[in-house]
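Kindly return the folded structure for what I paste below:
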Amino acid sequence: MWQRILRLLGTGINAYSFFSNPVRFIISILAIIVVPYLAYIFWGALVIIALAMLGIYLIYKAITASNDQHYHY
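Residues are numbered from 1 along each chain as shown. Presented below is the predicted three-dimensional model:
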């Protein structure tokens, strides 16, 4: 019984907020949906940048080691 009342109250509040300002309602729903994906994109970008830096460092180290061995007389 209480769940029905709370669900009805929530639906009423959502309907009122939609009809009072539909643009803000839609933007808030989209923000709620998009925020987790932005977090995944942020942390994924950090991981990709870290892996790229590690790869550049390892390539640099391999090239310098190759040059050191090549030019010893």
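
Please count neighbours and contacts with C-alpha atoms only from this point.
Fine.

which regions of the chain lie under the pLDDT threshold?
The chain contains residues with pLDDT under 70 at 70-73.

Now the nearest residue to Ser17 once chain neighbours are set aside: which helix or strand?
Distances taken as Cα to Cα, 6 or more residues apart in numbering place Phe25 nearest to Ser17, at 6.5 Å, with adjacent residues excluded. According to DSSP states H and E, Phe25 maps onto helix 22-70.

Quickly note the distance from the residue nearest to Ser17 to Ile13.
In this view, Phe25 and Ile13 are 11 Å apart by Cα to Cα, to the nearest Å.

Then Phe42?
Per Cα to Cα, Phe42 is found 33 Å from Ile13.

still on that earlier bit, what number of residues are in the vicinity of the residue nearest to Ser17?
By other Cα atoms under 10 Å, 17 other residues sit near Phe25.

Phe18 now?
Using other Cα under 10 Å, Phe18 is surrounded by 14 other residues.

helices or strands up against the helix holding Phe25?
helix 2-20 (3 or more Cα pairs under 8 Å, 6 or more residues apart in numbering; DSSP states H and E).

ok now the helix it packs on, how far from the chain's centre?
Chain-centre distance of helix 2-20: 30 Å, with Cα atoms, centre = their mean, to the nearest Å.

helices or strands up against that helix?
Looks like helix 2-20 contacts helix 22-70 (3+ Cα pairs under 8 Å, 6+ apart).

and the direction of the helix it packs on versus that of helix 2-20, what angle?
Here helix 22-70 runs at an angle of 90 degrees relative to helix 2-20 (axes from the mean of the first three to the mean of the last three Cα atoms, to 10 degrees).

how far out from the middle of the chain is helix 22-70?
Here helix 22-70 is found 10 Å from its chain centre; the criterion is Cα atoms, centre = their mean.

do the same with stretch 20-31
For stretch 20-31 - counting by Cα atoms, centre = their mean - the centre lies 21 Å from the chain centre.
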